[in-house]
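Asker: this is a predicted model, with the sequence first.
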Amino acid sequence: MNKLTILSTVFGATLALLLPVSAQADDDDGPKFGLAGLLSGSNKEDLPPVILSAGEPLAADPWVLKSGTYYEFEIQGDGSQELALIGPEFFRAIWIDEIVVEGLEIRPLGLDSIEFDEAGEMEIGFVAIKPGSYYMKVPGSTGETQRLEITIK
């Protein structure tokens, strides 16, 4: 084999790894992501909003997430009380793509908690990564309704 043949073979193998699955040979067993791969629209799910309101439940049901799936959810604060939301273990088990507040996009390296001093809304887009059981809750609260149980499978 000459150097050109070796280079051509290596280039072809590398290109096959970089192409989205849909551009490679048809494989019914593999994931069917679009050109954006993990961040494609076919891999995105919307979650119900988290409500920050004095005395109201954070969410109706626990979340069950799938590792490798992109999710978006809104946190809605009604301004009835200054309220925070913590979930450091959960926030370390996901990769946060962006947080959007009033049209401003924030791309953090990590997150520990958020707080609403007045009424407002934010949207968080993330990829679930590390399987396990997690939670988000209003700090200092003891009621079950002030805690959102989250499972990543």
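Answerer: Looks like it arrived, so ask away. Residues are numbered from 1 along each chain as shown.
Asker: the residue nearest the centre of the chain pairs with what?
Answerer: Nearest to the geometric centre of the chain sits F126, at 1.9 Å (CA atoms, centre = their mean). Here F126 sits in beta bridges with Y71, I96, going by DSSP bridges.
Asker: find me the pLDDT at it, would you?
Answerer: With respect to pLDDT, F126 scores 95.
Asker: i'd like the first residue to be 8 from this point on
Answerer: In the new numbering, first residue 8, that becomes F133.
Asker: residue contacts, it?
Answerer: 77-79, 101-104 (CB atoms under 8 Å, 6 or more residues apart in numbering). Any C-beta I mention is one placed from the backbone N, CA and C, and that applies to glycine too.
Asker: for those residues, which one is nearest L65?
Answerer: For those, the minimum distance to L65 (CB to CB) is 16.0 Å, reached by Y78.
Asker: any stretches of the protein with poor pLDDT?
Answerer: Across the chain, the ranges flagged by pLDDT under 70 are 8-48.
Asker: in it, which spans are strands?
Answerer: 51-53, 57-59, 70-72, 77-84, 90-93, 101-108, 111-113, 120-123, 127-135, 139-144, 154-159 (DSSP state E).
Asker: tell me which of the ones you listed sits most buried.
Answerer: strand 57-59 (a mean of 21; mean count of other CB atoms under 10 Å).
Asker: any idea how far that one is from the chain center?
Answerer: 17 Å (CA atoms, centre = their mean, to the nearest Å).
Asker: try stretch 76-90
Answerer: Counting by CA atoms, centre = their mean, stretch 76-90 comes out at 14 Å from the chain centroid.
Asker: can you show me the CA trace of that stretch as PDB?
Answerer: Written as PDB, here are the backbone C-alpha positions of stretch 76-90 (Å, rounded to 0.1, in the frame of the first residue of the first chain):
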ATOM      1  CA  THR A  76     -32.400  13.300  24.900                       C
ATOM      2  CA  TYR A  77     -32.700  17.100  24.500                       C
ATOM      3  CA  TYR A  78     -35.300  18.700  26.700                       C
ATOM      4  CA  GLU A  79     -36.800  22.100  27.200                       C
ATOM      5  CA  PHE A  80     -38.900  23.400  30.100                       C
ATOM      6  CA  GLU A  81     -40.100  26.800  31.400                       C
ATOM      7  CA  ILE A  82     -39.900  28.000  34.900                       C
ATOM      8  CA  GLN A  83     -42.700  30.400  35.600                       C
ATOM      9  CA  GLY A  84     -42.700  32.700  38.700                       C
ATOM     10  CA  ASP A  85     -45.900  34.500  39.500                       C
ATOM     11  CA  GLY A  86     -44.300  37.100  41.800                       C
ATOM     12  CA  SER A  87     -46.400  36.000  44.800                       C
ATOM     13  CA  GLN A  88     -43.200  35.600  46.800                       C
ATOM     14  CA  GLU A  89     -39.500  35.700  46.300                       C
ATOM     15  CA  LEU A  90     -38.800  32.000  45.500                       C
END
